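[1] Sequence first, then the predicted structure:
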Amino acid sequence: MNIVLNLILVRFLAHGGLALATSIAAIASCLLLAYHLRRRLGHLDGRRILNSAGKFAAASLAMGLAVTAAGGYAAAFFDPALLTHQLLQVGGLIALGGAVYFGAAALLKTEELARAIAWASARLPAAFFKRFIQGWDMLKYKIRKK
């Protein structure tokens, strides 16, 4: 399906046709997989999935609008001929996009983000500090051994 759509849409939309064809094929594949999974398992709680997808789509829209607006304003402050300016502009826009996306997802009270935050806060600090302490102990051992 992807190859056929690529061959058709590339004539009209150039590289945009390739992206659109790949997206259409991915959506069709996802729908077919969901259909077969539902036949095997029974109920998939489709309303909950659609509700979550809608919230993340809204967060993505907010991110896209914020990055587009900021990119227009930032263009006046950066010289596109300088690599450092390009890196600063792109890095700043990526950071802004991430902050807006996660902020919007938090405001929309997405269940998945809440679970991810709970998981990270329960596991990451302990693992980080454990490795930090192990590294510090190894460093002390090497210093004492000299």
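    Thanks, I have the structure now.
[2] Reduced to three states, what does Leu33 come out as?
    Here Leu33 is recorded as helix under DSSP: H, G, I helix; E, B strand; the rest coil.
[3] Return the distance of stretch 106-120 from the chain's centre.
    Distance of stretch 106-120 from the chain centroid (C-alpha atoms, centre = their mean, to the nearest Å) equals 14 Å.
[4] ditto for stretch 56-64
    11 Å.
[5] pLDDT (mean, whole number) over that stretch?
    Taken as a whole, stretch 56-64 has an average pLDDT of 97.
[6] could you pull out the helices for the protein?
    For the chain, the helices defined by DSSP state H occupy 2-13, 15-41, 46-74, 83-107, 111-145.
[7] Tabulate those helices in JSON lines, adding columns for mean neighbour count.
    In this view, the C-beta of every residue, glycine as well, is placed from N, C-alpha and C. Shown next, in JSON lines, are the helices of the chain (neighbours: other C-beta atoms under 10 Å):
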{"stretch": "helix 2-13", "mean neighbour count": "13"}
{"stretch": "helix 15-41", "mean neighbour count": "12"}
{"stretch": "helix 46-74", "mean neighbour count": "14"}
{"stretch": "helix 83-107", "mean neighbour count": "14"}
{"stretch": "helix 111-145", "mean neighbour count": "10"}
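[8] Pick out the shakiest of these, pLDDT-wise.
    The bottom spot among the helices of the chain, by mean pLDDT, belongs to helix 111-145, with a mean of 67.
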